[in-house]
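Asker: What follows is a predicted structure for the sequence shown.
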Amino acid sequence: MAREARKRSISVDGRLTVIAGCMFAGKTIRLIEHLEAARAAGRRVVACKHRLDARYHPDRLVTHDGREFPAIAVADCAELAARADAAEVVGVDEAQFFGRELPAVCQTLLAVGKTVIVAGIDHDMWGQPFPPLPQLKALADKVEQKYAPCAVCGQPAELHQRMVPVVDGNLVGGPREFQPRCRTHFSPPPLPPPVYE
Ligand SMILES: [Zn+2]
């Protein structure tokens, strides 16, 4: 239904690619590959990340193995939309930081013919579907599902296991805090899970 809501009257119809998966699944490197290809094709590219995710590298996307792409750290969906205005191709990393408004912003960008590529975590640390990724997948022309090897058995993992207690409500973390886990080797943390409406 949401796809029907897109404006079809424009000459160039935008396309949405969603790169989803657990932590350490290679989502950012895949996003960079898309953006580099677009840039090499001469298209105007803007990559955005959320300011909450910009503590260490505010002006670029950076992968665990050191690949980089220039990026703008934005405060919210409104700033994302403003920064995307001049671009033909818009990349968004760590989409889960942008919250429930992001699908509508993506639809607005698509409606004016932009190509949008969004990468993000699609399950929270309780293993629940994590907005807005499920909603973005439902809108996507293409979903690239990425997996990391389970830290226990090596099978493809779609979840990430919290390895240390949550302190002061800070759920963000890196390799010290989380491991990729398949569903067999995943157990949710002993905290009440959030309820997403
Ligand atoms: Zn496993």
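Answerer: Received it, and whenever you're ready, just let me know what you need.

Asker: since we're on the residue lying closest to Thr63 once chain neighbours are set aside, how many residues are nearby?
Answerer: Leaving aside its chain neighbours, Thr63 sits nearest to Ile29 (4.6 Å; criterion: Cβ to Cβ, 6 or more residues apart in numbering). No exception for glycine: its C-beta is placed from N, CA and C like everyone else's. By the measure other Cβ atoms under 10 Å, the count of residues near Ile29 is 18.

Asker: residue contacts, Ile29?
Answerer: Thr63, Asp65, Arg67 (Cβ atoms under 8 Å, 6 or more residues apart in numbering).

Asker: In JSON lines, list the residues you listed along with neighbour count, secondary structure and pLDDT.
Answerer: JSON lines is the format used below for these (neighbours: other Cβ atoms under 10 Å; DSSP: H, G, I helix; E, B strand; the rest coil; pLDDT from 0 to 100):
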{"residue": "Thr63", "neighbour count": "15", "secondary structure": "coil", "pLDDT": "86"}
{"residue": "Asp65", "neighbour count": "7", "secondary structure": "coil", "pLDDT": "80"}
{"residue": "Arg67", "neighbour count": "14", "secondary structure": "coil", "pLDDT": "91"}
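
Asker: all helices in this structure, in order from the N-terminus.
Answerer: Applying DSSP state H to the chain gives helices spanning 2-5, 27-40, 77-84, 102-111, 133-139.

Asker: could those helices go into CSV alongside distance to the ion and mean pLDDT?
Answerer: Shown next, in CSV, are the helices of the chain (distance: least, Cβ to the ion, whole Å; pLDDT from 0 to 100):
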stretch, distance to the ion, mean pLDDT
helix 2-5, 34, 46
helix 27-40, 20, 95
helix 77-84, 35, 97
helix 102-111, 30, 96
helix 133-139, 22, 96
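
Asker: List of residues touching stretch 40-50?
Answerer: 31, 35, 38-39, 61, 69-75, 80, 83-84, 86-94, 97-98, 115.

Asker: For Arg162, give me its contacts.
Answerer: With contact set as Cβ under 8 Å, 6+ apart, Arg162 has these partners: Met125, Gly173, Glu177, Phe178, Pro189.

Asker: circling back: now, which of the contacts of Ile29 sits nearest Gly154?
Answerer: Using Cβ to Cβ, Asp65 is the member of these that sits closest to Gly154, with 19.2 Å.

Asker: how near is the residue lying closest to Leu31 once chain neighbours are set aside to the ion?
Answerer: Excluding the flanking residues, the one nearest Leu31 by Cβ to Cβ, 6+ apart is Ala119, at 4.3 Å. Using Cβ to the ion, to the nearest Å, Ala119 is found at 23 Å from the ion.

Asker: count of neighbours near Ala119?
Answerer: Close neighbours of Ala119, defined as other Cβ under 10 Å, add up to 30.

Asker: Okay, and the beta partners of it?
Answerer: Ile19 (DSSP bridges).

Asker: Now do the contacts for it.
Answerer: Contact analysis of Ala119 by Cβ under 8 Å, 6+ apart lists Val18, Ile19, Ala20, Lys27, Thr28, Arg30, Leu31, Gly91, Val92, Asp93, Glu94, Ala95.
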